[in-house]
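Undergrad: this one's structure only:
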C-alpha cells in the first residue's frame, strides 16, 4: 500500500477518529510526566502530532512544544485547537524531519509508527528520533500490542455518524494489520469513499532491536498508561520509554 498515509489523513479522518478527546490526551500526558522526568520549560517534539491533542496537553505542563505531522489537514485542526499559538506546528515527513536542532524529549504516540512497506523506512524514523534528541534526551514510543491485535482482531465494524455510514474492515496480511475504511452517505447510490491504513506488527523483541540499532536505550516497556508491565497476552499497548545515549 504505497504512500496510503498521504490520502488517509485528510478530512474524512477527522470524522472516523473524532471520538478522541483532549481530556484523554491530558490524562496520558500526566502519566508521561512521571516517565520523562523533565524540568518545566523543557523542549518536547511531538512527532506525528496529528490534530495536536497531546501537543496541547504537553504545553499545559509547562513544556515548550513543537508538533510535526505530514498532513496539512490535521495540522490545520491543530492550529484551530491552539488558539493562543503556544505550539510550533511544522509540516514534515517523520523519516526526514525538517528541523536542525535538538530536543529534551521526543514522543511518538497513538501508534504513529510502522506505516512503511520497506523496513528501512521505519528504521529511518528511529534514527531521526535519535538525531533530534539531545544526548541523554528522553523518548516515548506508544505502539500497539501486536499479540493482542492478532488474538482479538475484529474483522468488521460499522457505525453511523450523522448522515454518514462508516464501515471498517480489518485483516492481518503480510505482517501488517490492515484496515479498509468505507464512508458513504446514508441512502446514497454512489460509491463509498475508500481509505486504507496499515501498521507493521512488530514484536517487542524486534522493536527493541530496532531501537538499539538507532542508538536509543530502553528503560521500561509498559502495557498501558497505567504503568502496568507489558504483557503480550493482555496489554492493550506496548509503550517504550528510554533515552538517547551520549
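TA: Good, I have the coordinates. The shown structure was predicted, so the numbers you read here are calculated from the model rather than taken from an experiment. Numbering: from 1, shown residues only.

Undergrad: so who does residue 45 touch?
TA: Contacts for residue 45 were tallied using CB atoms under 8 Å, 6 or more residues apart in numbering; they are 65, 66, 67, 68, 99, 103, 105, 106, 107, 132. All C-beta spots, glycine's among them, are computed from the backbone N, C-alpha and C.

Undergrad: got the contact list for the spatially closest residue to residue 203 that is not a sequence neighbour?
TA: Nearest residue to residue 203, sequence neighbours excluded (CB to CB, 6 or more residues apart in numbering): residue 146, at 6.0 Å. Neighbour list for residue 146: 177, 201, 202, 203, 238 [criterion: CB under 8 Å, 6+ apart].

Undergrad: Look at the first one and give its secondary structure.
TA: This points to residue 177. In the three-state summary, residue 177 is assigned as strand, counting by DSSP: H, G, I helix; E, B strand; the rest coil.

Undergrad: Could you double-check that it sits in contact with residue 198?
TA: Yes - contact criterion CB atoms under 8 Å: residue 177 and residue 198 qualify, at 7.0 Å.

Undergrad: Now secondary structure too, for the contacts of residue 146, in TSV please.
TA: Converted to TSV, the contacts of residue 146 look like this (three-state DSSP):
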residue	secondary structure
177	strand
201	coil
202	coil
203	coil
238	strand
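
Undergrad: Now, of the residues you listed, which are buried?
TA: 177, 201, 202, 238 (16 or more other CB atoms under 10 Å).

Undergrad: need the contact list for the last one.
TA: It stands for residue 238. The contact partners of residue 238, by CB under 8 Å, 6+ apart, come to 143, 144, 145, 146, 204, 207, 221, 223, 230.

Undergrad: I'd like the distance from the lowest-mean-pLDDT helix or strand in the chain to the chain centre, please.
TA: Lowest on mean pLDDT, DSSP states H and E among the helices and strands of the chain sits helix 11-16, with a mean of 85. On the basis of CA atoms, centre = their mean, to the nearest Å, helix 11-16 sits 16 Å off its chain's mean C-alpha point.

Undergrad: Kindly list the longest strand within the protein.
TA: Ordering each strand of the chain by length in residues (DSSP state E) puts strand 133-144 first.

Undergrad: neighbour-wise, which of the contacts of residue 238 leads?
TA: Highest neighbour count within the contacts of residue 238, by other CB atoms under 10 Å: residue 145, with 25 neighbours.

Undergrad: Quick check, that residue in contact with residue 240.
TA: No - look at residue 145 against residue 240 with CB under 8 Å: they stay out of range, at 12.0 Å.

Undergrad: gap between the strand or helix carrying residue 195 and the chain center?
TA: Using DSSP states H and E, the element containing residue 195 is strand 193-200. In terms of CA atoms, centre = their mean, the centre of strand 193-200 is found 15 Å from the chain centre.

Undergrad: right, and the helix or strand after that strand?
TA: Sequence order places helix 204-213 as the next helix or strand after strand 193-200, per DSSP H and E.

Undergrad: Alright, calling it a day.
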